[in-house]
Structure formats: structure tokens, C-alpha cells
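Colleague: What follows is a predicted protein model with its sequence.
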Amino acid sequence: MSCCSKVICEGCVYSNDIRIYQASLERTCPFCRHPAPKSKEEEEKNIMKRVQADPVAMVQMGLRRYEAGDYDSAFKYENKAAALGDAGAHYQVATFYNEGKGVETDGKKEVYHLEQAAIGGHPIARHNLGCKEKKNGRVDRAIQHMIIAAELGCDSSLDALKDGFRGGLVSKEDFAAALRAHQAAVDATKSPQREAAEEARKEQWRKCASELIFP
């Protein structure tokens, strides 16, 4: 997450870090190039400036409040962002209704927000709808949800379809089509910058593991 509440990938963050390091520049936001906040307080202040109208900032603030254990405030932020049409916020609100944190549990409202998130292209929400349909005995509808989620790149849905294919519930054609679409979705997320960021993270983990074993 950038300082301006834009969601960006690790590849962009890594590329910005390399640019700053190589040119000995002041650390800036990888999206807007504004000087990076120097403290958590400053970072939160920047977010609060956007919370009034930016649903992405509302979602981030809701997650922060959730991590702090302030579930009432977290729900309010997520619910407000959902009202503005943010798919991720709808998914978070569904989670609140499922867990009963910040609000009483409500299965109907949970499903409603999962549906809204799924319509907005949220793969995990679509997968969860499939799980609910399967639990209710509506296997055909569950499979359709899983196919759509797999086509959006959801690994869990692809695994579910694989099990369904082995069990004779999913046709060879449907499984093959979902497999191709899933691979295309995964390939679309790849880039040299993201691969470099992933390798840098693995190298950091290897270094940390080595220091733990050989202090």
C-alpha cells in the first residue's frame, strides 16, 4: 500500500527501492513520489486525509483498526467503503458478519456482501460462495462459482475443481478450460520486476535463516 492509498504490487515497490538506492535519493512513495512518511503517526495522518472520500483508504484504515482490536470502528470503515462499491470492502464486511466481530453474526448479510464482492471480481469471495453452495447441496452452482474463481486465479478453487473432476462432478472440458484460464490469470500477474522482488525476498529469508543457524 502506498502513502496515497493506492494498491501497488511488490514489483513496483522493489523497483522504486532500487531506483532510490542507486541514485541515493530520498525515500518516496512508489506511486505518487511524495516523500515517504517518517513515522507511523505521519503515515496514519496521510491516510486520514483520504478516508473521507477514498474507499481504498477506508479499507486500509478498517484493517488497521481490526488489527488493533477495535472491531466496531473497523466495521464502520469497511461498511462505508462497501457502500461506495469497493469489492474488497464488501468481502471484509462479509467476514465481519461471519465472525461476529464489530457486529452480530448474520448469514444472509454475509452472503449478500460476498455476492457483491464476487460481482466486483473478488476471487476469494467467489470461492467462498461456491463453498456455501456446496454445503447447501447445490453442487452445480458451487461448481460454477469455482470455475469463475479459478479463472480469476484462485488456487483453492482450482484444487476444488480438480477434486470434482476426479470425482466425476466436473467435466473434462470444464476442468481443462478452467485450468487454461487459471494459468492465463497467473501469467498475467508476472513481470520481471515482481520476479526480482520475489527473489530478493527469498534471499533475505535465506540470510535470516543462515544467521539463526550460524550466529
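Modeller: That came through, no problem.

Colleague: Report pLDDT for the residue most central in space within the chain.
Modeller: Central residue of the chain (C-alpha atoms, centre = their mean): residue 88, 7.2 Å from the mean position. On pLDDT, residue 88 comes in at 95.

Colleague: With the flanking residues excluded, which residue is spatially nearest to it?
Modeller: Of all residues not flanking residue 88 in the chain, residue 59 sits nearest, at 5.5 Å (C-beta to C-beta, 6 or more residues apart in numbering). In this view, the C-beta of every residue, glycine as well, is placed from N, C-alpha and C.

Colleague: Am I right that that neighbour is in a helix?
Modeller: Yes. Assessed with DSSP: H, G, I helix; E, B strand; the rest coil, residue 59 lies in a helix.

Colleague: Who are the contact partners of it?
Modeller: 77, 78, 81, 86, 88, 89, 92 (C-beta atoms under 8 Å, 6 or more residues apart in numbering).

Colleague: Where do the helices of the chain begin and end?
Modeller: 10-23, 40-51, 55-67, 71-83, 87-99, 107-119, 123-135, 139-151, 155-166, 172-188, 192-213 (DSSP state H).

Colleague: winner for burial among those?
Modeller: Greatest average neighbour count among these goes to helix 87-99 (a mean of 23), per mean count of other C-beta atoms under 10 Å.

Colleague: List of residues touching that one?
Modeller: Under C-beta under 8 Å, 6+ apart, the answer for helix 87-99 is 55, 58-59, 62-63, 71, 74-75, 78-82, 102-103, 105-107, 109-114, 116-117, 119-122, 124-125, 128.

Colleague: Mind doing that once more with 6 Å?
Modeller: 59, 75, 78-79, 81-82, 102-103, 106, 109-110, 113-114, 116-117, 120-122, 125 (C-beta atoms under 6 Å, 6 or more residues apart in numbering).

Colleague: Low-confidence stretches in the chain?
Modeller: Residues of the chain meeting the criterion pLDDT under 70: 1-6, 205-215.

Colleague: Quick check: the residue lying closest to residue 200 once chain neighbours are set aside vs residue 29, distance?
Modeller: Spatial nearest neighbour of residue 200, excluding adjacent residues (C-beta to C-beta, 6+ apart): residue 14 at 6.3 Å. Going from residue 14 to residue 29 by C-beta to C-beta, to the nearest Å gives 14 Å.

Colleague: and if you look at residue 75?
Modeller: 28 Å.

Colleague: so residue 73 touches residue 63, yeah?
Modeller: No. The pair residue 73 / residue 63 is not scored as a contact, 11.2 Å apart, by C-beta atoms under 6 Å.

Colleague: how many other residues sit next to residue 52?
Modeller: Neighbours of residue 52 under the rule other C-beta atoms under 10 Å: 9.

Colleague: what number of residues lie near the closest residue to residue 45 other than its chain neighbours?
Modeller: In this structure, residue 45 finds its nearest non-sequential neighbour in residue 37, 7.8 Å apart by C-beta to C-beta, 6+ apart. By the criterion of other C-beta under 10 Å, residue 37 has 16 neighbours.

Colleague: Much appreciated, bye for now.
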